[in-house]
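Chemist: dropping a prediction and its sequence here:
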Amino acid sequence: MTTVSSPATPETHPSPLQALRTLRADGRLAERWPDVAPLLAELASTGAETDLRRAGSVLSQVDRAQVLAARPETETAVVAVTGHSTLGSLGAPLAAEFGRHGLLVETRLSDFDAYQRDLRDTGSPVYAADVDLALCVLDPQLLLDELGSPWQAEDLADAARRKLAELERLAAGFTEHSGAALVLNTVPLPRAVTHQLVDHESRAHAGVAWREFNSGLLRLALAHPRVHVIDLDPLVAAGTPLNDPRMAAYAKAALGDDLLARYAREVAHVARMLRGRTKKVLVVDADNTLWDGVLGDDGPDGIAAATTFRGEAFGTFQRLVRQLGSQGVLLAVSSKNDHDNVVQVLREHPDMVLREADFARVNANWQPKDANLQDIARRLNLGVDSFVFVDDSPFECGLVAGSLPQVAVVRLDDEPALHVEKLLADGWFDTPRLTAEDRARAAQYRTEAERAGLLESAGSQEEYLSRLGVRVTLAPATAGDIDRVAQLSLRTNQFNLTTVRLQAADVAERLADDSHLVLVVRSADRFGDNGVVGVVFAQRDGEELRVDNMLLSCRVFARGIEQTAVAALLAHARATGATRVTASYRPTKKNKNVREFWPSQGFTTTHTADDEVRFRHHLDDLPAVPDHVHLDSALEGSTR
Amino acid sequence: MTDTTNATKMTKEDFIHLVRDELDLPLGIDDLEADFDHVVSWDSMHMIRLVAAVERQTGNRVPVGKLLADRSLSAIYERISAAA
């Protein structure tokens, strides 16, 4: 593990930690809160773990009210912490790790060993209504405290079964009574436990029992959508010690500071994921990132991603990038090279695992990389804040981090064998569940090029649309759609009229409630099926159909799909006896383009305020489905 | 004090610097002598982090079990120096 601390370094460029401390000393930390995340990002991406923890100390003392007064737009999170051992040192890393994602966190630490009381008593602080995440931190002592002296493997197996059953009950109770996410963790098995048993048979028995406890915890996450289990075994396997035995003995710190810091990093990524801030695009450099060598200098024969020692390490990295691409992460290249040379390598070079077709965009040119990232964003119709950028050049990384602080920058170096670890160090692409749309995403974006070709050859937008052959299907969501609907609700930013975010469990609740209408919009055209691209959430209230929200994937804007969905919805409302349909728009930083959407569909404005505009449609004059769209609606009142 | 190891020895100033840096406590030189009850927001977690930081910096093992009974930063410093 790299630990770099900052001694008193050059006067010209203060370290991020010094910059943070200066902001605090000057009393400007609250007002300059937006500067905090980039400073922390620099610490994290340069492996300055000690400074990052120290920065966390600074941030954990920040007056939240002051930040919110100075910067009301600041995103906040409340984390309740309970467990079995000493957890005081979790505050600083939580502040640092949440801060990296721009989240101002309030950590509420419960009493020592209070997890049973906290999870049982619905009046305890972990059940407070404003809690986003409840962490119940588990450690080996949880099981070991159950053992008498002396003990046998069977005693450990009994203890593991009892504790697992208890945790299952507590988790079930929590998910029933709280809307927050419950975060548990697996418990690494200390050698000082197994080797107390001298016979190998007992040792194996104890090892099995311990793993069954951990497997049972992981199964809890499979059973409850709001339970998340952070697997500590991989963190320990990567070299973070379970604890310092002296601190475990004297201070009951059963999990060490370094492990708690790693754990906090994972928790922050759970929080990110739950807010739908999963990154969508991975932009990779080419020279010395995807292959060994510089294409422009060494030529195609001089670069390697196989056969040599270093080449194989690059090949392994390419396989990781491809692996991410297969799970819905869009891949793009940003390389300072001649475009044709890069494309030729991707088409013909025998070493390449990644091929041209794996990338949604290949931007190889001599323009600055920040401009290229913006260009890629424009062409994919996504924000750069959904980008992860990977490069081995400190200059390019610094440029992008400085000019586009919303981009997550992964700084590689000249050791390709560490590329994989560096890209995976943060769970940028973590998502609750993969959907069919995720697996097919790369192929769908590739067909965008064919659509663009059609658009160019068509004489007009009308001709393009009519030749595109858009088909829209509108139907009530079924159980199989829940994950995709939740995903769209969490991830859609631009065409999201009220930006009410729903987790899978919330979507399931609406599906089970007869007064709610959840309609999924599927689209397809001559180039292929786009899957579920939109959702309409509505509620029936007597003669009124109230639209809570409408979402549309940015991939399919401006093809008449949204107009078609509204036309079908209004026809359905009238056919089922409604006399009016109401809807609203709530502005966010990202959805300004749909401010006029409802009026453009024939709705009149009934109420205007800063945070919400409301609309109504009287259903006397129904809009028609656009001519170029073929609608297939499972709803009552559909005309075709 | 005799330094018989290759590990770095820590001066009182280094120690104060480390305490400020690692624990982020606004300490003055007077606070070295004060009982922990009188030191701004001192808690047992500070001790844990201080021990880890001192060990990282000096490469020496600190006698944690004895340290926990100490009631002031200067007592801790004396013990750390003695161990070096």
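Modeler: Everything's here; your move. Predicted model only: the values in this text are computed from it and were never measured. Residues are numbered from 1 along each chain as shown, chains lettered A, B, ... in the order given.

Chemist: can you give me phi and psi for residue A:534?
Modeler: Torsion angles at residue A:534 (phi, psi; degrees, to the nearest 10) stand at phi -160, psi 170.

Chemist: go ahead and confirm residue A:342 touches residue A:335.
Modeler: Yes. Using CB atoms under 8 Å, residue A:342 is in contact with residue A:335, at 5.5 Å. No exception for glycine: its C-beta is placed from N, CA and C like everyone else's.

Chemist: what is in contact with the two at once?
Modeler: Counting by CB atoms under 8 Å, 6 or more residues apart in numbering or on different chains, the shared contacts of residue A:342 and residue A:335 are A:286, A:295, A:362, A:364.

Chemist: strands - which of these land there?
Modeler: Those of those mapping onto strands are A:362, A:364, per DSSP state E.

Chemist: near chain A, which residues of chain B show up?
Modeler: For chain B, the contact set with chain A under CB under 8 Å from any CB of the partner chain comprises B:21-24, B:43-45, B:47-49, B:51-52, B:56, B:64-65, B:68.

Chemist: can you select the buried ones among these for me in ChimeraX?
Modeler: Listed next is the ChimeraX selection for buried residues among these, using 16 or more other CB atoms under 10 Å in any protein chain shown:
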select /B:21,22,23,24,45,47,48,49,51,52,64
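
Chemist: looking at residue A:342 and residue A:335, which is more packed in?
Modeler: Per other CB atoms under 10 Å in any protein chain shown, whichever of residue A:342 and residue A:335 has more neighbours is residue A:335, with 27 against 24.

Chemist: next one: that one relative to chain B, how far apart?
Modeler: Using CB to the nearest CB, to the nearest Å, residue A:335 is found at 40 Å from chain B.

Chemist: closest point of the stretch 251-400 of chain A to chain B, which residue?
Modeler: With CB to the nearest CB, the shortest gap between the stretch 251-400 of chain A and chain B falls at residue A:251, namely 5.3 Å.

Chemist: quick one, what contacts that residue?
Modeler: Residue A:251 is in contact with A:86, B:44-45, B:47-48, B:68, counting by CB under 8 Å, 6+ apart.

Chemist: go again using 6 Å as the cut-off
Modeler: For residue A:251, the contact set (CB atoms under 6 Å, 6 or more residues apart in numbering or on different chains) comprises A:86, B:48.

Chemist: now swap in the one 5 residues further on and tell me
Modeler: Contacts for residue A:256 (CB under 6 Å, 6+ apart) come out as A:241, A:243-244.

Chemist: same thing but at 7 Å, please
Modeler: By CB atoms under 7 Å, 6 or more residues apart in numbering or on different chains, residue A:256 lies in contact with A:241-244, A:247.

Chemist: I'd like those residues as a markdown table, with secondary structure and pLDDT appended.
Modeler: Below are the contacts of residue A:256 laid out as a markdown table (DSSP: H, G, I helix; E, B strand; the rest coil; pLDDT from 0 to 100):
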| residue | secondary structure | pLDDT |
| --- | --- | --- |
| A:241 | coil | 96 |
| A:242 | coil | 97 |
| A:243 | coil | 95 |
| A:244 | coil | 92 |
| A:247 | helix | 88 |
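
Chemist: just the closest of these to chain B, please.
Modeler: Chain B has its nearest neighbour among the contacts of residue A:256 in residue A:247, at 5.3 Å by CB to the nearest CB.

Chemist: okay, buried residues for stretch A:465-472 please.
Modeler: A:465, A:468, A:470-472.

Chemist: cool, stretch A:568-580 as well?
Modeler: Buried residues in stretch A:568-580 (16+ other CB under 10 Å): A:568-574, A:578.

Chemist: now do the contacts for the residue of the stretch 151-300 of chain A at minimum distance from chain B.
Modeler: The stretch 151-300 of chain A approaches chain B most closely through residue A:246 (4.4 Å), counting by CB to the nearest CB. Residue A:246 makes contact with residue B:64, according to CB under 7 Å, 6+ apart.

Chemist: roughly how far apart are the closest residue in space to residue A:524 that isn't next to it in sequence and residue A:449?
Modeler: For residue A:524, ignoring the flanking residues on the chain, the nearest one in space by CB to CB, 6 or more residues apart in numbering or on different chains is residue A:471 at 4.7 Å. Remark: distance between residue A:471 and residue A:449 (CB to CB, to the nearest Å) = 21 Å.

Chemist: can you give me the end-to-end distance of stretch B:33-42?
Modeler: 14 Å (CA to CA, to the nearest Å).

Chemist: tally up the residues packed near whichever residue of the stretch 401-550 of chain A sits closest to chain B, please.
Modeler: Closest to chain B within the stretch 401-550 of chain A is residue A:425: 21.3 Å, counting by CB to the nearest CB. Residue A:425 is flanked by 16 other residues according to other CB under 10 Å.

Chemist: and for residue A:302?
Modeler: When neighbours are counted by other CB under 10 Å, residue A:302 comes out with 12.

Chemist: next: residue A:400.
Modeler: By other CB under 10 Å, 24 other residues sit near residue A:400.

Chemist: excluding its backbone neighbours, what's nearest residue A:69?
Modeler: That would be residue A:30: by CB to CB, 6+ apart, it lies 7.2 Å from residue A:69.

Chemist: so who does the one you found touch?
Modeler: Counting by CB under 7 Å, 6+ apart, residue A:30 has contacts A:63, A:66-67, A:70.

Chemist: check it and give its pLDDT.
Modeler: Per-residue confidence (pLDDT) for residue A:30: 95.

Chemist: measure it to chain B for me?
Modeler: Distance, residue A:30 to chain B, by CB to the nearest CB: 17 Å.

Chemist: quick one: secondary structure of that residue?
Modeler: coil (DSSP: H, G, I helix; E, B strand; the rest coil).

Chemist: please report how far it lies from residue A:222.
Modeler: Distance of residue A:30 to residue A:222, given as CB to CB: 42 Å.

Chemist: where in chain B is pLDDT low?
Modeler: For chain B, the stretches flagged by pLDDT under 70 are B:1-8, B:40-41, B:84.

Chemist: please redo it, this time with the cut-off set to 80
Modeler: Low-confidence segments of chain B (pLDDT under 80): B:1-9, B:24-32, B:34, B:36-45, B:48, B:68, B:83-84.

Chemist: ranges for the strands of it?
Modeler: Going by DSSP E, chain B shows no strands.

Chemist: show me the helices in the stretch 51-200 of chain A, by range?
Modeler: Using DSSP state H, counting those that start in this stretch, the helices of the stretch 51-200 of chain A run over A:64-70, A:91-100, A:115-120, A:141-144, A:153-177, A:191-194, A:200-223.

Chemist: do the second one and chain B meet?
Modeler: No. For a cut-off given as CB under 7 Å from any CB of the partner chain, helix A:91-100 has no contacts with chain B; the smallest distance is 8.4 Å.

Chemist: give me the distance from that helix to the chain's centre.
Modeler: The chain centre lies 17 Å from the centre of helix A:91-100; the measure is CA atoms, centre = their mean, to the nearest Å.

Chemist: residue A:134: neighbouring residues, count only.
Modeler: By the criterion of other CB under 10 Å, residue A:134 has 28 neighbours.

Chemist: ok, now residue A:547?
Modeler: 24.

Chemist: that one - that's part of a helix, no?
Modeler: No. Counting by three-state DSSP, residue A:547 is not part of a helix but strand.

Chemist: now it: closest residue in space that isn't a chain neighbour?
Modeler: The shortest distance from residue A:547 to any non-neighbouring residue, by CB to CB, 6+ apart, is to residue A:583 (4.0 Å).
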